[in-house]
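Colleague: quick one, fold the following:
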Amino acid sequence: MSRLKSLAGAAASLPLTLLGLVLVTFLIGRVMPIDPVLAIVGDRAPQDVVEKARIDLGLDRPLYEQFWRYLTDILHGNFGRSVMTTNSVLHDIGRFFPATMELATAALIIALALGIPIGVISAVKQNSWLDRAVRIFCLAGHSLPTFVLALLGLLVFYARLGLFPPSGRQGLMFDGDVPTVTGAITIDALIAGEWGAFVDALHHLALPAIVLGYYSLAYIARMTRAFMLEQLRSEYVTTARVKGLSETRVIWRHAFGNIAVPLVTVVALTYAGLLEGAVLTETIFAWPGLGQYLTVSLLNADMNAVLGATLVVGLIYLTLNLLADALYRLLDPRVR
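Modeller: Numbering: from 1, shown residues only. Below you'll find the predicted structure:
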């Protein structure tokens, strides 16, 4: 019962947090040094056309009325129309977001597949040369900016070695061959049975996913190492070893089993960070996702698209944060 009350309390705070997020995006749109009216009608439009557009958009009204209209439109799923694409912003987000989700998911899989074993081994081999190498590796992952790592990846693996393509989600040979079902080309290619297109999509996905996942890999490895060190010093681990249990069982069954709960929280927040932090990676690799859409919209003063994409990213982060908190409360028996 106490857990249910705790979860209900966390869920009850979500609407208030979302309202704050909507207020922040609204204020961003009003303080930006970009006139949304001029972005729509153009710099050379007659003054009467500018004023009419301003009235149609409700920008001549007091701020509280503008905010109420903005909030009402959002609740009805109306994010406005994009000046750049002439589509509704919600339609554009639905078209670009699957690419970002595909990239972030691939990056998370890489980070989990490598980060967890690296962190566990580093903790078991504490203060050895392997542990020092892992810590340097993680430090580099935290220190190197994403755009530097992306440019280095292109220089080495594309320009010098020719192992990966430079940009995009698919080669010209397979472009348009896969019918859109989910928006994720790898999944759509599997559904359609297009194995050549699937391999080509993986080939294009690999380098951006590795670059994006490196920071998360370093973070997950560092957190896993810290959690494992705490467990390996515990008395129950010493007892298990005295009883003659194998080292593998002590490490993976007992010690790692007890860090699974906090690690779930780390993974959920890492995934949220990947979804919102893919802007630079998508821009450098010309990956047609939400991050690139947001960047191009900002450069073209398309404020409806910028605010809509920002709001969606914030909503995703808040939802995953709430999910991580809920999972922690459900799985950890110590939380009441």
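
Colleague: so A197 touches I191, yeah?
Modeller: No: with contacts counted by Cβ atoms under 8 Å, A197 stays clear of I191, the gap being 10.9 Å. Bear in mind the C-beta positions are built from the backbone N, C-alpha and C, glycine included.

Colleague: what helix or strand is the residue lying closest to E247 once chain neighbours are set aside on?
Modeller: Distances taken as Cβ to Cβ, 6 or more residues apart in numbering put R241 closest to E247, at 7.6 Å, once the chain neighbours are dropped. Here R241 sits within helix 235-242, counting by DSSP states H and E.

Colleague: residues in contact with the helix or strand following that helix?
Modeller: Using DSSP H and E, the helix or strand that follows helix 235-242 in sequence is helix 247-248. Residues outside helix 247-248 that contact it (Cβ atoms under 8 Å, 6 or more residues apart in numbering): R241.

Colleague: quick one, phi psi at V83?
Modeller: phi -70, psi -30 (degrees, to the nearest 10).

Colleague: neighbours around it, how many?
Modeller: Burial of V83 is recorded as 18 neighbouring residues (other Cβ atoms under 10 Å).

Colleague: shouldn't it be in contact with D302?
Modeller: Yes: checked against Cβ under 8 Å, the pair V83 and D302 is within contact range at 4.7 Å.

Colleague: ok, the closest residue to L229 other than its chain neighbours to F227 distance?
Modeller: Closest residue in space to L229, ignoring its immediate chain neighbours: A123 at 4.9 Å, by Cβ to Cβ, 6+ apart. Distance from A123 to F227, counting by Cβ to Cβ, to the nearest Å: 8 Å.

Colleague: look up how far A123 lies from L299.
Modeller: 45 Å.

Colleague: next one: the helix holding R241 to chain centre, how far?
Modeller: Relative to the centre of its chain, helix 235-242 is centred 39 Å away, using Cα atoms, centre = their mean, to the nearest Å.

Colleague: only alpha carbons, please: show that helix as PDB.
Modeller: Written as PDB, here are the backbone C-alpha positions of helix 235-242 (Å, rounded to 0.1, in the frame of the first residue of the first chain):
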ATOM      1  CA  GLU A 235      29.700  -9.200   4.400                       C
ATOM      2  CA  TYR A 236      27.300 -11.400   2.400                       C
ATOM      3  CA  VAL A 237      29.900 -11.600  -0.500                       C
ATOM      4  CA  THR A 238      32.600 -12.700   2.000                       C
ATOM      5  CA  THR A 239      30.200 -15.300   3.500                       C
ATOM      6  CA  ALA A 240      29.400 -16.600   0.000                       C
ATOM      7  CA  ARG A 241      33.100 -17.000  -0.800                       C
ATOM      8  CA  VAL A 242      33.700 -18.800   2.600                       C
END
